[in-house]
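A.B. asks: any chance you can model this:
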Amino acid sequence: MRWQGPGLPRLVIYLALSMIVAGFVLYGVQPDVFQRGWENILARPSQSLALRFILQPIVSMMIAIRDGIKDARSGRSPYFWTVVFDRAHRSARLQEGVAATGKIFLIAIALDTIYQLIEMQTFYPGEAVAIAILLAFIPYLIVRGPAARLARRWLHIKAARPEA
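C.D. replies: Next up, the predicted model:
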């Protein structure tokens with residue numbers, strides 16, 4: 001089964017929202033819950049399954065570079081700029097980013113669920129979503145625009161160079 005198209009972003013968004021709601025229902029919205037959450041998140045890179053803190057952002061950045069090169073070739077505006085400042089195209093570009101990182105996002109949630117069950121013998125759904133956003137979407141969001149700019153510059157230099 002291939003997960004592509006409009007179904008994957010919806011699945012990722014609905015899963016993330018339902019996990020956040022489940023976290024609020026199970027653990028409430030109190031300052032000590034957020035304190036525990038940050039302590040748990042900061043402890044993860046030094047415990048089991050820590051390799052994912054390297055591999056998942058790298059995969060996400062590789063996808064961002066690929067998409068940035070596509071943006072440069074098609075002449076599209078920078079991704080982050082469009083997401084932040086262009087209301088008309090924000091939703092479509094965010095959906096595009098979620099679609100591109102959706103599989104990595106789902107893997108991040110699955111691995112964090114396994115990690116929590118092994119290390120903490122419990123499950124905090126909000127923390128799993130936070131880790132997935134941190135490892136899958138944030139690197140993509142940061143890297144895609146600069147990759148597009150570098151690719152645009154490289155394509156411009158390549159086009160300006162006379163053929164031998």
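
A.B. asks: least trustworthy helix or strand in this protein by mean pLDDT?
C.D. replies: Of all helical and strand segments in the chain, the minimum by mean pLDDT, DSSP states H and E falls on helix 31-43, at a mean of 77.

A.B. asks: list the buried residues in the following helix or strand past that one.
C.D. replies: Per DSSP states H and E, helix 31-43 leads on to helix 52-74 as the next helix or strand towards the C-terminus. Neighbour counts over helix 52-74 (16 or more other C-beta atoms under 10 Å) mark 52, 56-57, 59-61, 63-65, 67-69, 71-72 as buried. Using the backbone N, CA and C atoms, a C-beta is placed for each residue, glycine as well.

A.B. asks: what's near enough to touch the residue lying closest to residue 11 once chain neighbours are set aside?
C.D. replies: Once flanking residues are discounted, residue 11 sits nearest to residue 102: 7.2 Å by C-beta to C-beta, 6 or more residues apart in numbering. Contact analysis of residue 102 by C-beta atoms under 8 Å, 6 or more residues apart in numbering lists 3, 8-9, 11-12.

A.B. asks: again, only this time at 10 Å
C.D. replies: 3-4, 7-13, 15, 136-137 (C-beta atoms under 10 Å, 6 or more residues apart in numbering).

A.B. asks: any idea which element it lies in?
C.D. replies: Here residue 102, judged by DSSP H and E, is contained in helix 87-119.
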